[in-house]
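*Asks:* Next comes the sequence, and after it the predicted model I'd like to discuss.
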Amino acid sequence: MLNLKDVHVHIGKLHILQGVNLQVKPGECAALLGRNGVGKTTTLRAIMGLARRSGGTVEFEGFDLASCEPHEIPRRGVGYVPQGRGIFPNLTVLENLCIGLPGRRDLEREEYVFGCFPRLEERLKQSGGTLSGGEQQMLALARCLMMRPKLIILDEPTEGIMPRLVSQIRREIHRINQAGVSILLVEQNVETALKLCPRVFLMEKGAIVYNGTAHELKSKPEIVRRYLGLSKQ
Amino acid sequence: MSAKAIERSLWALFAAFMIAVPWIIPALISSFWVSVIAEILIWSLLAASVNLLFGYVGLLSFGQALYFGFGMYGVAIGIQDLGLSFWPAFALGIVASMTMALVTGIFAVRLTWHYFAIITVVFSLIFYFLALTNKWLTGGDDGINFALPPTINIGGFNKSLTDPIFQYFFVLCTAALCFLLMHRLVGSPLGKAFLAIRDNDMRARLIGLNVYLLRLIAFVLSGFLAGVAGGLFAFFGRYASATYMFYHVSGEAVVWAIVGGAGTLLGPLIGTTLFIIVREIVSTHWEHHSLIVGTVAILAVMFAPKGMVGLWNDFISRIAERSGAPVGAVELRTEP
């Protein structure tokens, strides 16, 4: 489904991504892990066309995304929930959900989204900026779902959110994946990532250094220690 | 009385005052002020064009006078050189402005922030000097004077803007229509997309909004508003001149929009009203009235960053808090 081959990104003289190879299969839930500054977010930005690639290809369903403008990529079925929510604080919850969608309101989809996040239905006319951090994250995810994506890319969805809401968001990500939507998750919280994602990519110095299952990774504490700086997870 | 009812009453009062202006103002002050109010309505459309770009899309244009000038010249050249009647000349002015906005917008909206502001000034200056030097077409500094054709000419019924009361109502209706269109636009999905781009253009791209195209649409629509203002001003003065294309005129419109309240529907009207009334009162006694404009602008930016409308809304919120009434009862909403 999503296939990154030897992706390089330079920012100024810095060589940020140094040949990233990564694949997400249809219906798969994969985690991209690594310490701060190893290039995780840049990888996501390269997929979404926000970081200019200096080499390599990014294909989605066999189509090279290099020929797409950034705004065309979501329309091809790639949803992106950036770090720090990515909602529009001056628009209401409903406006946040409907913005960018072509034609009339998609009531069927709204029903599905409110089924996932009932809290949002209670706050339809509230402006996005007045929601709590967890609710904003739900809104960002719900907004992404409104576009009926085939793949959702999530950049640290549980960062800075109260534990009670973290488990709800985690549950909904799992449910979305169970419904057939592929997930690529970047997460600092290794425990969350390994619980949710059967496949794990570890990143170090702008390249993928480990590609395997979460189960295998759990049995290799030395890899976790070396690349994530954790003694246990 | 409910909040909606208070709001409706205020609107009704305002509408009644605007309709009664040609009779009330001459009785209370002098008929001169009726034409000042008409002028305020015209200039408020230019400020609204700045507001559409800056307040709703986040693009600060210092070149709106260019489209205002094209609106003026479209009308003047249409009547004087092409022999057009009233409505085709007005349409020519508006179409000329929108076309110019489209052509310059194709280049300008690729940029943002100060780069965008600079390119709009540059375009404005280029066409100002072209208008100034091509006297055979524009009349340069002297401009083009023309005789007003009738606005309505059906059978024996003839009405022209030479009638001051008809002229006032024509300006009032046109301005009201433009503000109504703005209101509908800002509340529409297109308007919400504009707000999304203003808040964060990268996020807007990530949800599939074509930011470049939407900015271009906003730019052309702002050209429409400036063109209507320019056309009206040409009819109002029976005159078009290159001096109105100078960036100084754009700068004034920016000040009116910001002091009134950028990102609010009525902000440009309130800002324009304040400054034109100050100008009219002070300029008869003191030629450096621009100093007052500058001082008020600096004070507004420092102490009322949301403009006069923001001040009003804060005032209402404080009163509502004290009396325990629901906040937002008679607020001038920033967005519908």
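*Replies:* Yes, it's here.
*Asks:* going forward, measure contacts between C-alpha atoms and count neighbours the same way
*Replies:* Noted.
*Asks:* Give the burial count for A:P149, as a bare number.
*Replies:* 18 (other CA atoms under 10 Å in any protein chain shown).
*Asks:* cool, A:P163 as well?
*Replies:* 11.
*Asks:* Then B:L84?
*Replies:* 17.
*Asks:* got it, and B:Q167?
*Replies:* B:Q167: 20 neighbours (other CA under 10 Å).
*Asks:* Tell me which helix or strand it sits in.
*Replies:* helix B:164-187 (DSSP states H and E).
*Asks:* Put the alpha carbons of stretch A:62-73 into PDB.
*Replies:* What follows is stretch A:62-73, C-alpha atoms only, in PDB (Å, rounded to 0.1, in the frame of the first residue of the first chain):
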ATOM      1  CA  GLY A  62       1.500   1.900  -6.800                       C
ATOM      2  CA  PHE A  63       1.200   5.700  -7.500                       C
ATOM      3  CA  ASP A  64       4.300   7.900  -7.100                       C
ATOM      4  CA  LEU A  65       3.300  10.700  -4.800                       C
ATOM      5  CA  ALA A  66       6.100  12.900  -6.100                       C
ATOM      6  CA  SER A  67       3.800  14.100  -8.900                       C
ATOM      7  CA  CYS A  68       1.200  15.200  -6.300                       C
ATOM      8  CA  GLU A  69       0.700  18.600  -4.700                       C
ATOM      9  CA  PRO A  70       0.400  18.200  -0.900                       C
ATOM     10  CA  HIS A  71      -3.300  19.000  -1.000                       C
ATOM     11  CA  GLU A  72      -3.900  16.100  -3.500                       C
ATOM     12  CA  ILE A  73      -2.400  13.500  -1.200                       C
END
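*Asks:* what about chain A, any weak spots by pLDDT?
*Replies:* Within chain A, the segments meeting pLDDT under 70 span A:230-233.
*Asks:* 80 instead?
*Replies:* The model of chain A has pLDDT under 80 over residues A:84-86, A:100, A:102-104, A:160, A:164, A:188-189, A:218-233.
*Asks:* Near chain B, which residues of it? Just list them.
*Replies:* Counting by CA under 8 Å from any CA of the partner chain, chain A comes close to chain B at A:48, A:70-75, A:79-80, A:86-91, A:95, A:99-100, A:144.
*Asks:* one step back: only alpha carbons, please: show the helix holding B:Q167 as PDB.
*Replies:* In PDB, the C-alpha atoms belonging to helix B:164-187 read as follows (Å, rounded to 0.1, in the frame of the first residue of the first chain):
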ATOM      1  CA  PRO B 164     -28.300  63.600  -4.400                       C
ATOM      2  CA  ILE B 165     -31.000  61.600  -2.700                       C
ATOM      3  CA  PHE B 166     -31.100  59.000  -5.400                       C
ATOM      4  CA  GLN B 167     -27.300  58.900  -5.400                       C
ATOM      5  CA  TYR B 168     -27.200  58.300  -1.700                       C
ATOM      6  CA  PHE B 169     -29.700  55.400  -1.900                       C
ATOM      7  CA  PHE B 170     -27.800  53.900  -4.900                       C
ATOM      8  CA  VAL B 171     -24.600  53.900  -2.900                       C
ATOM      9  CA  LEU B 172     -26.400  52.600   0.200                       C
ATOM     10  CA  CYS B 173     -28.000  49.700  -1.700                       C
ATOM     11  CA  THR B 174     -24.800  48.800  -3.500                       C
ATOM     12  CA  ALA B 175     -22.800  48.800  -0.300                       C
ATOM     13  CA  ALA B 176     -25.500  46.900   1.600                       C
ATOM     14  CA  LEU B 177     -25.600  44.300  -1.100                       C
ATOM     15  CA  CYS B 178     -21.800  43.900  -1.000                       C
ATOM     16  CA  PHE B 179     -21.700  43.500   2.800                       C
ATOM     17  CA  LEU B 180     -24.600  41.000   2.500                       C
ATOM     18  CA  LEU B 181     -22.500  39.100   0.000                       C
ATOM     19  CA  MET B 182     -19.500  39.200   2.300                       C
ATOM     20  CA  HIS B 183     -21.700  37.900   5.200                       C
ATOM     21  CA  ARG B 184     -22.900  35.000   3.100                       C
ATOM     22  CA  LEU B 185     -19.500  34.300   1.800                       C
ATOM     23  CA  VAL B 186     -17.900  34.200   5.200                       C
ATOM     24  CA  GLY B 187     -20.600  31.800   6.500                       C
END
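*Asks:* close to chain A, is it?
*Replies:* No - if you take CA under 8 Å from any CA as the test, helix B:164-187 misses chain A, and the best it gets is 10.4 Å.
*Asks:* Which strands or helices does that helix pack on?
*Replies:* The elements that helix B:164-187 packs onto, with contact taken as 3 or more CA pairs under 8 Å, 6 or more residues apart in numbering or on different chains; DSSP states H and E, are helix B:3-28, helix B:32-54, helix B:211-237.
*Asks:* angle of the helix or strand following the shortest one against helix B:32-54?
*Replies:* Using DSSP H and E, the helix or strand that follows helix B:32-54 towards the C-terminus is helix B:64-80. Note on geometry: by axes from the mean of the first three to the mean of the last three CA atoms, to 10 degrees, helix B:64-80 and helix B:32-54 are set 120 degrees apart in direction.
*Asks:* got the angle for helix B:64-80 vs helix B:211-237?
*Replies:* Using the same axes, to 10 degrees: helix B:64-80 against helix B:211-237 is 50 degrees.
*Asks:* Now do the helix or strand A:T192 falls within: distance to the chain's middle.
*Replies:* Element membership for A:T192 (DSSP H and E) is helix A:190-196. Using CA atoms, centre = their mean, to the nearest Å, the mean C-alpha position of helix A:190-196 is found 14 Å from that of the whole chain.
*Asks:* residues in contact with that helix?
*Replies:* A:29, A:31, A:33, A:170, A:174, A:185-187, A:200, A:214, A:233 (CA atoms under 8 Å, 6 or more residues apart in numbering or on different chains).
*Asks:* Same question for stretch A:46-61.
*Replies:* A:1-10, A:19, A:42, A:45, A:64-66, A:68-70, A:73, A:80, B:206.
*Asks:* Which residue does chain B have closest to chain A?
*Replies:* B:G208 (4.2 Å; CA to the nearest CA).
*Asks:* List of residues touching stretch A:62-82?
*Replies:* By CA under 8 Å, 6+ apart, stretch A:62-82 touches A:1, A:47-50, A:57-59, A:140-141, A:144-145, A:147-157, B:205-211.
*Asks:* can you do 6 Å?
*Replies:* Residues outside stretch A:62-82 that contact it (CA atoms under 6 Å, 6 or more residues apart in numbering or on different chains): A:48-49, A:58-59, A:144, A:149-155, B:205-206, B:208-210.
*Asks:* picking that back up, possible to save the helices and strands packed on helix B:164-187 as CSV with distance to B:G143, mean neighbour count and mean pLDDT?
*Replies:* Converted to CSV, the helices and strands packed on helix B:164-187 look like this (distance: least, CA to CA, whole Å; neighbours: other CA atoms under 10 Å in any protein chain shown; pLDDT from 0 to 100):
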stretch, distance to B:G143, mean neighbour count, mean pLDDT
helix B:3-28, 30, 14, 86
helix B:32-54, 19, 25, 95
helix B:211-237, 11, 25, 96
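*Asks:* do you know which of those helices lies nearest B:D201?
*Replies:* helix B:211-237 (6.8 Å; CA to CA).
*Asks:* The closest one relative to helix B:164-187, how many degrees between them?
*Replies:* 170 degrees.
*Asks:* Is helix B:211-237 in proximity to chain A?
*Replies:* No - Helix B:211-237 lies apart from chain A when judged by CA under 6 Å from any CA of the partner chain; the minimum separation is 7.9 Å.
*Asks:* Show me what that helix is packed against.
*Replies:* Helices and strands touching helix B:211-237, by 3 or more CA pairs under 6 Å, 6 or more residues apart in numbering or on different chains; DSSP states H and E, are helix B:32-54, helix B:64-80, helix B:86-108.
*Asks:* what's the following helix or strand after that helix?
*Replies:* With DSSP H and E, the next secondary element past helix B:211-237 is strand B:239-240.
*Asks:* Tell me which other helices or strands that following strand touches.
*Replies:* For strand B:239-240, the packing partners by 3+ CA pairs under 6 Å, 6+ apart are strand B:144-145.
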